[in-house]
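>>> give the three-dimensional model of this entry:
(chains A and B)
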Amino acid sequence: MPGKLKVKIVAGRHLPVMDRASDLTDAFVEVKFGNTTFKTDVYLKSLNPQWNSEWFKFEVDDEDLQDEPLQITVLDHDTYSANDAIGKVYIDIDPLLYSEAATVISGWFPIYDTIHGIRGEINVVVKVDLFNDLNRFRQSSCGVKFFCTTSIPKCYRAVIIHGFVEELVVNEDPEYQWIDRIRTPRASNEARQRLISLMSGELQRKIGLKVLEMRGNAVVGYLQCFDLEGESGLVVRAIGTACTLDKLSSPAAFLPACNSPSKEMKEIPFNEDPNPNTHSSGPSTPLKNQTYSFSPSKSYSRQSSSSDTDLSLTPKTGMGSGSAGKEGGPFKALLRQQTQSALEQREFPFFTLTAFPPGFLVHVGGVVSARSVKLLDRIHNPDEPETRDAWWAEIRQEIKSHAKALGCHAVVGYSESTSICEEVCILSASGTAAVLNPRFLQDGTVEGCLEQRLEENLPVGCGFCHIPYDELNMPFPAHLTYCYNCRKQKVPDVLFTTIDLPTDATVIGKGCLIQARLCRLKKKAQAEANATAISNLLPFMEYEVHTQLMNKLKLKGMNALFGLRIQITVGENMLMGLASATGVYLAALPTPGGIQIAGKTPNDGSYEQHISHMQKKINDTIAKNKELYEINPPEISEEIIGSPIPEPRQRSRLLRSQSESSDEVTELDLSHGKKDAFVLEIDDTDAMEDVHSLLTDVPPPSGFYSCNTEIMPGINNWTSEIQMFTSVRVIRLSSLNLTNQALNKNFNDLCENLLKSLYFKLRSMIPCCLCHVNFTVSLPEDELIQVTVTAVAITFDKNQALQTTKTHVEKSLQRASTDNEELLQFPLELCSDSLPSHPFPPAKAVTVEKASPMGEGNFRNRSAPPCANSTVGVVKMTPLSFIPGAKITKYLGIINMFFIRETTSLREEGGVSGFLHAFIAEVFAMVRAHVAALGGNAVVSYIMKQCVFMENPNKNQAQCLINVSGDAVVFVRESELEVVSTQQPTANCQPSCTGGEVTT
Amino acid sequence: MAHARKRCSSAVLAPAGALQPRPGPGVAMTSELDIFVGNTTLIDEDVYRLWLDGYSVSDAVSLRVRSGILEQTGATAAVLQSDTMDHYRTFHMLERLLHAPPKLLHQLIFQIPPSRQALLIERYYAFDEAFVREVLGKKLSKGTKKDLDDISTKTGITLKSCRRQFDNFKRVFKVVEEMRGSLVDNIQQHFLLSDRLARDYAAIVFFANNRFETGKKKLQYLSFGDFAFCAELMIQNWTLGAVDSQVADMDVDLDKEFLQDLKELKMLVADKDLLDLHKSLVCTALRGKLGVFSEMEANFKNLSRGLVNVAAKLTHNKDVRDLFVDLVEKFVEPCRSDHWPLNDVRLFLNQYSASVHSLDGFRHQALWDRYMGTLRGCLLRLYHD
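Numbering: from 1, shown residues only, chains lettered A, B, ... in the order given. Below is the predicted model of the structure:
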């Protein structure tokens, strides 16, 4: 018996009145774990009972400790009839199971009822005594740490990144069991909540076991989702990246948190970029085709198919192809082999990370994605979820082969999702094909000076842009040029990725959120016919989404997308596509050409005029955007390599001065014609609509920026003022004469209006940036479209822009000087590079400030120190992996919560908006309370994974399911940190404000 | 039977056109649901004010439009509508907590910075001068609540806002009515109001409890501030709390014993010698110092009778209620008709109170001071146009 769980029920407050006669409540508490239940005494006639119970002790297996939630039920004692339940609290005790996380859970928890919502609070203390004979892990995996964060968590160092772990468990959905016909909605909801909680625990334990098998000690980028398959069951699945992490002992070494997460990992010795040329293998694909070129052929219904012929894992071309590196050939061959073998040992060389330790990412190929349409049928044997496993294995196999085709041996920024409507399910997976540095993948491989030497030739801030595939074997004509940064390697003209912008990437100007939105009507159909119809539509959707993204990117004058996420949602009579990404201008990539409009009927005079008018509008928009996002690439590069093959002699001379590989120039055919090669043909009204819709996207108001990545390139002076929010909108379409066009317009307006509302609501935070903007779209009913957005608004300080960059560079210089000599080169180049390319023209700053005279004042007011009389500690929530202006000192464990809320008095609760508003506020409250009880003061990498809302206004009823997760952490403000670290060198400091210390 | 998933999917919904008003041309969609929830609850002070003032969402939207916010921010009317709805929903949810402000501090559902919490509470309990003048001194009962319609029409304050203010008065009254300890402290502790607002509420509670008449036409010239000032003096000197700080209702009820004793003062006007002596003492002291000396001299007996009779009558509840009417009738109006400057009133009242100490035949000096000290303060405050 490896563990003892101890629970103490202290007190309650703000309980609801359960006895109308006395206006009071006779409350007692049931504490249940597994099959054991304890009860407190009844505390008579009080809304603020003080139970002060003894310690209830559960002696349990660690397997149960991982799977089971602690279940606390508050009841009203009734002598004559059955006791009435007031509400419940589920506490996940997982954070108590590993040593570095929380040691005690103690605080006020909201008492939650699925029908009435939050009804008062209860003060609970939970402890776990683990016995020490835990080394013989069998079924349990206590001690494996889980992180939702998709980068190496701060205050840890990645020793080895092992790779992909996945698992899924299935069960019958309690709401579809026969017993559901005779039980109350409350009982049904609670059965579901409990089951999902159990399944999550089991899933986490099983993943933990896999991690231990791989000799890892943590899962990073852990993403758990559930699929409500209705009659056919309930699937809970999770993916993550197994790692071996080391806790960093010195808290002093960190940069301002406004830099992306992996920045502070710089001290780790790393190997950079083996010469990329050696990696040329496999057929290459033009990047702009990637998002759709793979999938069209891959739509199935029911039967599994893999039309891919190159599923074989052996590389198509050997290493000797075309442009093998000249320096250090044999070493790199060795290196490559090792990388290859390190990754090929794995079934799926996938990584759910989106940000990496420096040097980990060598090259990025582009986005790979795969979808498949399946028909759901009842899961007959929950213990062997083979069908679902097979489905996912198939998709992953496909992703792997796509990556191979791009000359990449790994996929990063990998994620999976589903969309279900009745019995049809679309499974999707996507990621970014990449070449990785083997150093992090294996223990004790290639070490030594040889590699260190290679780094001297390492191009800074552009290496990841260099193509990993062989330009000679490209099946499609792609626009390759020499890298605008190092001028040695070749780069594509645009780059799409699902990852965050690498920290060392050189970006010009600022980035912006780019969305492609699309609807397609579909006939209502049953089973196979339906699946076939969807399969047939998918390729067109993907193509159009991609075209829209490309057009919008060009319209912004940018050349790369990061954090790309394409969601395809299936409904009864339509399909919706929503792609979000952050566009940036990468200095290493060529300047994007404009958009040219070509008409089909050249003889019509007025039409011509119209076309030229449109063309002018587009050109104006591009010019305006360039100004808005401060995209002014240095002119000089334009002269040198901007035009295709100008005076080859001059060019090769230039290149020769930098590297020996100049003779490659002759091998490359760069004759890709005009740079403004992107032509939109307006041949029908549809295309016209498309062009119009391009121009309807309104830029955010002045003082606002938005992106869906962690941070906004070009802004690095964040203040500590953050506001995380969720916004939900549902629109009802009129069913009359619905056309694709009208549908597209509706959907587009919905998203645009939503964004406009956000900008308006958050105007007091100007200058500010919406980060990690996460849109999800669902089709809850025939004519309803639901869009859910979660994001965080962060205020930044325009004034300190220059200063901060300066000190930032200085800091990295200082630190570098303490490191070895090779590393010194890195920051030096960085700063010489970034100074011209990161211009913060003071004039610009002034204009933005003028536009928001009130913003500053408001900010000052708000940041006033909180008065002392508040008893509830502030818990910050953010979808980002960091807190601006603060350092995370401790990870307390994963938060993974699932709630159901139902009402039969929808009108009385303020209609659907009132109902959902209250529910989401309650979910936030419960997340905060759990974090506070763990001793934390923030949740990072917070995500609302599901928000399933169903209503029936005619019956005055509604139901909503919400699933959220994140990492509970303790953070310390940077300003406080200096004080603290002088007092407590170990930085094991208490959070500045923890809730739940109060006992009334 | 009772499961939304099944309910919703199997429900036969009327066609959209039947459920919703038919959309106009170009509007093919209607917003079913539209919410925004922040981890920190967003409070817009302007919208809060509109909500407190009792405007409907559509009125609030048009008022906001008129304020020029659309031009300032470049937002559309639809955005404003959505934003206003959101804030109204939030305020509606917060209202339950605002009824017991300590709950707002301890609740977990809305994360609101303390400074904002204070603002929410303070504004919620703030009241309109015009409204409080209508209700001051009235019984906070259902009957009065029914009159809110008329008050709303008369003052131009929305009925909704009138109800909130009335309910606030009543709520505070109910909570502190039977409590021990200082009235202001109790209000501050249970409603977390600022010192200033808590004092105002103390006055409202005191007036409501003693039912002082404030609505008569001749009292219309007085502001709430005038009454609140008097209430504070009376609470300090005339209540049970003034002698014993440990009784219930100490600051709310007048000291009955004291009121009984006040009858003793009657001899100041009943005893003719005493009255003459008092007059000559005052006149000697003020000769040459008052601009209105002759008027004072002529009116002395009337004024003195007025002031002493007010005191002697306070044993009857009815006369307690009419205290302010009497003071204005018996003192303020006569002086005002003779155009006494305020300073002369002050000199007179000081001398009038002090001279009693020199009256050898009068034994109730302490009683006189307790009465006249407060009354002098009140009268000076009440003496204006």
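
>>> C-alpha only now, for contacts and for neighbours.
Fine.

>>> burial count for the residue in the stretch 301-450 of chain A that chain B sits nearest to?
In the stretch 301-450 of chain A, the residue that lies nearest chain B is residue A:422 (9.5 Å; CA to the nearest CA). The local packing of residue A:422 (other CA atoms under 10 Å in any protein chain shown) involves 18 other residues.

>>> surely it and residue A:230 touch.
Yes: in terms of CA atoms under 8 Å, residue A:422 counts as a neighbour of residue A:230; the distance is 7.4 Å.

>>> tell me how far residue B:106 lies from residue B:121.
Shown here: residue B:106 relative to residue B:121, a distance of 14 Å by CA to CA, to the nearest Å.

>>> hang on, I meant residue B:270
Separation of residue B:270 from residue B:121 (CA to CA) stands at 53 Å.

>>> list the contacts of residue 224.
All of this refers to chain A. A:200, A:236-239 (CA atoms under 8 Å, 6 or more residues apart in numbering or on different chains).

>>> meant chain B actually
B:129, B:132-133.

>>> residue ranges with poor pLDDT in the stretch 251-400 of chain A?
A:251-346, A:378-385 (pLDDT under 70).

>>> 80 - rerun?
Within the stretch 251-400 of chain A, the segments meeting pLDDT under 80 span A:251-347, A:377-386.

>>> in the stretch 101-250 of chain B, where is pLDDT below threshold?
B:143, B:145, B:241-250.

>>> picking up where we left off before, can you tell me which of the contacts of residue A:224 end up in helices?
Taking DSSP state H, the ones among the contacts of residue A:224 that sit in helices are residue A:200.

>>> dump the contacts of residue A:224 into a markdown table; add neighbour count and pLDDT as well.
Converted to a markdown table, those look like this (neighbours: other CA atoms under 10 Å in any protein chain shown; pLDDT from 0 to 100):
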| residue | neighbour count | pLDDT |
| --- | --- | --- |
| A:200 | 27 | 91 |
| A:236 | 20 | 92 |
| A:237 | 23 | 93 |
| A:238 | 21 | 94 |
| A:239 | 25 | 94 |
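
>>> now, which of the contacts of residue A:224 lie within strands?
A:236-239 (DSSP state E).

>>> still on that earlier bit, so residue B:270 and residue B:121 - more neighbours on which side?
A count of neighbours by other CA under 10 Å puts residue B:121 above the other of residue B:270 and residue B:121, at 22 against 13.

>>> mind checking which helix or strand the more buried one is in?
helix B:114-125 (DSSP states H and E).

>>> elements contacting that helix?
Applying 3 or more CA pairs under 8 Å, 6 or more residues apart in numbering or on different chains; DSSP states H and E, one finds that helix B:114-125 makes contact with helix B:77-98, helix B:101-106.

>>> which residues sit against the longest one?
Among residues not part of helix B:77-98, those counted as contacts by CA under 8 Å, 6+ apart are A:753, A:756-757, A:760-761, A:910, A:914, A:918, B:34-36, B:42-44, B:47-48, B:51, B:57-58, B:60-61, B:65, B:70, B:103-104, B:120-121, B:124.

>>> dump it to CSV, keeping only the CA atoms.
Presented in CSV, the C-alpha positions along helix B:77-98 are these (Å, rounded to 0.1, in the frame of the first residue of the first chain):
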residue,chain,number,x,y,z
ALA,B,77,-23.1,50.8,-32.9
ALA,B,78,-23.3,47.0,-32.9
VAL,B,79,-20.0,46.8,-31.0
LEU,B,80,-21.4,49.3,-28.5
GLN,B,81,-24.6,47.4,-28.1
SER,B,82,-22.7,44.2,-27.5
ASP,B,83,-20.4,45.9,-25.0
THR,B,84,-23.2,47.5,-23.1
MET,B,85,-25.1,44.2,-22.9
ASP,B,86,-22.0,42.5,-21.5
HIS,B,87,-21.5,45.2,-18.8
TYR,B,88,-25.1,45.2,-17.9
ARG,B,89,-25.0,41.4,-17.5
THR,B,90,-22.0,41.6,-15.3
PHE,B,91,-23.5,44.3,-13.1
HIS,B,92,-26.7,42.3,-12.8
MET,B,93,-24.6,39.4,-11.5
LEU,B,94,-22.7,41.6,-9.2
GLU,B,95,-25.8,43.2,-7.8
ARG,B,96,-26.6,40.3,-5.5
LEU,B,97,-23.1,40.7,-4.0
LEU,B,98,-23.4,44.4,-3.7
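
>>> going by neighbour count, list what's buried in it.
Under the neighbour-count criterion of 16 or more other CA atoms under 10 Å in any protein chain shown, helix B:77-98 has B:79-91, B:93, B:95, B:97-98 buried.

>>> can you get me a residue count around whatever residue of the stretch 451-600 of chain A ends up closest to chain B?
Residue nearest to chain B within the stretch 451-600 of chain A (CA to the nearest CA): residue A:572, separated by 11.2 Å. Counted with other CA under 10 Å, the neighbours of residue A:572 add up to 20.

>>> cool, residue A:753 as well?
Neighbour number of residue A:753 under other CA under 10 Å is 18.

>>> now do the contacts for residue A:55.
The contact partners of residue A:55, taken as CA under 8 Å, 6+ apart, are A:6-9.

>>> how far away is it from chain B?
26 Å (CA to the nearest CA, to the nearest Å).

>>> nearest residue to that residue in space, please, no chain neighbours.
residue A:8 (4.8 Å; CA to CA, 6 or more residues apart in numbering or on different chains).

>>> just checking, what packs against the helix or strand containing that neighbour?
Assigned by DSSP H and E, residue A:8 belongs to strand A:3-13. In terms of contacts (3+ CA pairs under 8 Å, 6+ apart), strand A:3-13 is packed against strand A:56-60, strand A:117-130.

>>> return the most buried member of these.
Highest mean neighbour count among those (mean count of other CA atoms under 10 Å in any protein chain shown): strand A:117-130, with a mean of 21.

>>> residue ranges with poor pLDDT in the stretch 651-800 of chain A?
A:651-698, A:713-714, A:716, A:734-738, A:782, A:798-800.

>>> burial count for residue B:141?
Residue B:141: 11 neighbours (other CA under 10 Å).

>>> ok, so of the contacts of residue A:55, who is nearest chain B?
Nearest to chain B among those, with distances taken as CA to the nearest CA, is residue A:9, at 18.7 Å.

>>> now the strands: where do they sit in chain B?
B:29-38.

>>> could you check the pLDDT of residue A:124?
On pLDDT, residue A:124 comes in at 95.

>>> kindly report the same for the one 10 residues further on.
Residue A:134 carries a pLDDT value of 49.

>>> which residues touch stretch A:769-783?
By CA under 8 Å, 6+ apart, stretch A:769-783 touches A:567, A:569-573, A:576, A:578, A:580, A:704-712, A:732-735, A:785-796, A:879-880, A:948-950, B:9.

>>> can you tell me the residue of the stretch 51-200 of chain B closest to chain A?
For the stretch 51-200 of chain B, CA to the nearest CA, closest residue to chain A: residue B:109, 4.8 Å.

>>> does that residue touch residue A:922 like I think?
Yes: the pair residue B:109 / residue A:922 is scored as a contact, 5.6 Å apart, by CA under 8 Å.

>>> so which residues of the stretch 201-350 of chain B form helices?
Secondary structure of the stretch 201-350 of chain B by DSSP state H, counting those that start in this stretch: the helices cover B:224-238, B:256-261, B:267-270, B:272-286, B:293-313, B:317-321, B:323-327, B:333-337, B:342-355.

>>> got the residues of the stretch 51-200 of chain B near chain A?
B:73-75, B:79-80, B:82-83, B:89, B:93, B:105-111, B:113-115 (CA under 8 Å from any CA of the partner chain).

>>> can you rerun that using 7 Å?
When proximity is defined by CA under 7 Å from any CA of the partner chain, the stretch 51-200 of chain B lies next to chain A at B:75, B:79, B:83, B:89, B:105-106, B:108-110, B:113-115.

>>> re earlier: between the helices and strands packed on strand A:3-13, which gets nearest to residue B:385?
Closest to residue B:385 of the helices and strands packed on strand A:3-13 is strand A:117-130 (CA to CA; 53.9 Å).
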